[in-house]
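**Student:** Have a look at this fold, sequence not included:
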């Protein structure tokens, strides 16, 4: 008869992120262990709260399945010597399979004789194998940091304080961290002082409810969300709930109580982002805003204490946030007294990279590069001037008091300080926007100046790191260059930033000539190949077929990503059209026999009528095709290529390409080379499948 199994590891409070990771690991570990033990079950569920990790196995079998297995070993001639005695190979194989070497049997497979271990093992009772299996589950969890405590050798994220393990009503005597499991659990630290006895595994959750513990994270999240919404609504406001902060709070409480606190409304003169960061990042509070979207002097706190003491708990939180906001207001006021140009000078003391100099040097480089990018994309003088001025001030706020205290506000505070200093709004906005996009799917800079500055900043970092030979490897990208490259490409493909990469990379590398020793051509090629790889990822994420992507990524450089996307889109449309079929047939018939060694200059004077017709058709297409590609009118280009279908078909029907006469054969191969040459100017159609 199958019964449920519950295994609880009781610990001191586990950090939120580590708890999420452990819950994720435990499910896979448990399933793998049960499978290896041949223990049948219905389902595995894993739960976690700050003080406990729980594995619940529904319908766990009472016994292991019997094992009947025939395992192939070494060749018989390797397993036994000429005297018939087993060799070390046979002895080792038998030992590894848990059988006596004398029990090995011979058998033939594929015309060769091997030895086999025949394993017939009766399944053991679950009670006999579970203690060791569950102890290994606890030991196998990988933590970012672990610790030892007391005099024991066990390592865990926090000290383990109790173990509960029940298979049905039977206690499983798991031994881990100097403890032996029993049927006792502990409830909420403040709301359930005494241990709780659990009669049976199927009564575990009922026992935790009595102990004021919501062990299921999803249940806690739902309860917390409803509490936040209801409490904010009763205060006539709505809560600002960043998902990252909310997820962290879910794992900081076992029985959440939600309440409203307040701070001095005078602090509302400080930029909203500063107040929100102080409340969310430092204290895990949820700010309240009015129906109009303005920040109020209220905040939501979710605490893990006694609900009857909520008023006193909230007063304590109010005292804490008052001090935090007072510090933030002081930093802000002090920063407003400073001169941003002084901050720019202080960047000389801040290292960008030990091999690439200071942030001041980086600032000078991106000022220059912004000007080059503005020229490439034909930006107007006002946009160019705003981008260059913003580049000069972009990193200044990194040495401000507010950003030193709240690093996440880099750029945000730069915008506030630039506006306070009388800079143009376009300059201030570009300072804020130049960190965007920060990740895949993030908002792009909203202004042309912001995009120019963002691209210059990201390109400078990419080129500098490649120049010193520290570009990403297969498993490591410590400078987040892939993210930076995707950001640049997103601005080109989605934001309309009309820059070309070859010139941008060349200009950026030029600014590093005095800072690092490298070969510009080699490093430039490596950076182009890097962008090509990232562009391939973006195109794949857009749903484009892999062979389409291969066809448009023609070489190791991707100078114009927007054009690559346009070609890929046109090819995708082409493949589904009649014209596309004509293009592919014309190309493949010509490409199948084309010989590059024959060149692309056939002698027209010796051609027959079908050859002459094809020759003239290609001549007629080439000039118009080149113009269409220059205009990026790819539908027109496809139509021109499709027009070659009929003369190509007529050529193959009326002409023997591989003529016995070498001169005739060479001329016809040159004509075929001439036919496929225009296709190469559009895409590598040979990469297309089907």
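**Tutor:** Yep, it's here. What you are looking at is a predicted structure, and each value in this text was computed from that prediction instead of being measured.
**Student:** ok, for the residue nearest the centre of the chain, nearest residue in space, not its chain neighbours?
**Tutor:** Among the residues of the chain, the one closest to the centroid is residue 440, at 8.1 Å (C-alpha atoms, centre = their mean). Computed as C-beta to C-beta, 6 or more residues apart in numbering, the closest residue to residue 440 that is not its neighbour in sequence is residue 486, at 6.1 Å. (Glycine included, C-beta is placed from N, CA and C.)
**Student:** again with residue 406
**Tutor:** Nearest in space to residue 406, with sequence neighbours left out and distances taken as C-beta to C-beta, 6+ apart, is residue 277 at 4.8 Å.
**Student:** contacting residues for residue 314?
**Tutor:** Contacts for residue 314 (C-beta atoms under 8 Å, 6 or more residues apart in numbering) come out as 259-261, 301.
**Student:** could I get those as CSV with pLDDT, distance to residue 32 and neighbour count?
**Tutor:** As requested, the contacts of residue 314 are exported to CSV (pLDDT from 0 to 100; distance: C-beta to C-beta, whole Å; neighbours: other C-beta atoms under 10 Å):
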residue, pLDDT, distance to residue 32, neighbour count
259, 97, 43, 18
260, 97, 46, 18
261, 96, 46, 23
301, 96, 41, 24
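**Student:** May I ask which two of these are separated the most?
**Tutor:** Of all pairs drawn from the contacts of residue 314, the one with the longest distance (C-beta to C-beta) is 260 and 301, at 7.7 Å.
**Student:** just to revisit the earlier point, which residues touch the helix or strand the residue nearest to residue 406 falls within?
**Tutor:** Element membership for residue 277 (DSSP states H and E) is helix 272-277. Outside helix 272-277, the residues within contact range by C-beta under 8 Å, 6+ apart are 240, 267-268, 287, 295, 325, 328, 332, 402, 406, 408-409, 412-413.
**Student:** what distance separates it from the middle of the whole chain?
**Tutor:** Its chain's average C-alpha position is 27 Å from that of helix 272-277, according to C-alpha atoms, centre = their mean, to the nearest Å.
**Student:** ditto for stretch 587-600
**Tutor:** In terms of C-alpha atoms, centre = their mean, the centre of stretch 587-600 is set 43 Å apart from its chain centre.
**Student:** Now that stretch: buried residues?
**Tutor:** If you call a residue buried by 16 or more other C-beta atoms under 10 Å, then stretch 587-600 has these buried ones: 587, 589-591, 594, 598.
**Student:** Among the contacts of helix 272-277, name the ones in strands.
**Tutor:** Residues of those located in strands (DSSP state E): 287, 295.
**Student:** now residue 399: how far from residue 346?
**Tutor:** With distances defined as C-beta to C-beta, to the nearest Å, the gap from residue 399 to residue 346 amounts to 5 Å.
**Student:** hang on, the earlier thing: quick one, phi psi at the residue nearest to the centre of the chain?
**Tutor:** When read as degrees, to the nearest 10, the backbone of residue 440 gives phi -60, psi 130.
**Student:** try residue 180
**Tutor:** With angles defined as degrees, to the nearest 10, residue 180 shows backbone torsions of phi -120, psi 130.
**Student:** Give me the domain ranges for this structure.
**Tutor:** When the chain is parsed with automatic domain parsing, its domains come out as 3-63+125-210, 67-121, 217-337, 347-541, 565-687.
**Student:** just checking, which of those comes out with the lowest mean pLDDT?
**Tutor:** Note on those: lowest mean pLDDT is at domain 67-121, with a mean of 80.
**Student:** Please tell me how far the residue nearest to the centre of the chain sits from residue 487.
**Tutor:** In this view, residue 440 and residue 487 are 9 Å apart by C-beta to C-beta.
**Student:** likewise residue 226?
**Tutor:** Distance, residue 226 to residue 487, by C-beta to C-beta: 37 Å.
**Student:** Looking at these two, which is more packed in?
**Tutor:** Higher neighbour count among residue 226 and residue 487: residue 487, with 27 against 11, using other C-beta atoms under 10 Å.
**Student:** list the buried ones in the host helix or strand of that one?
**Tutor:** Here residue 487, judged by DSSP H and E, is contained in helix 481-493. Buried positions in helix 481-493, judged by neighbour count with 16+ other C-beta under 10 Å: 481-493.
**Student:** got the contact list for that helix?
**Tutor:** 436-440, 444-445, 451, 454-455, 458-459, 461-462, 465-466, 471-472, 477, 497-499, 530-531, 534-535, 537-538, 561-562, 565.
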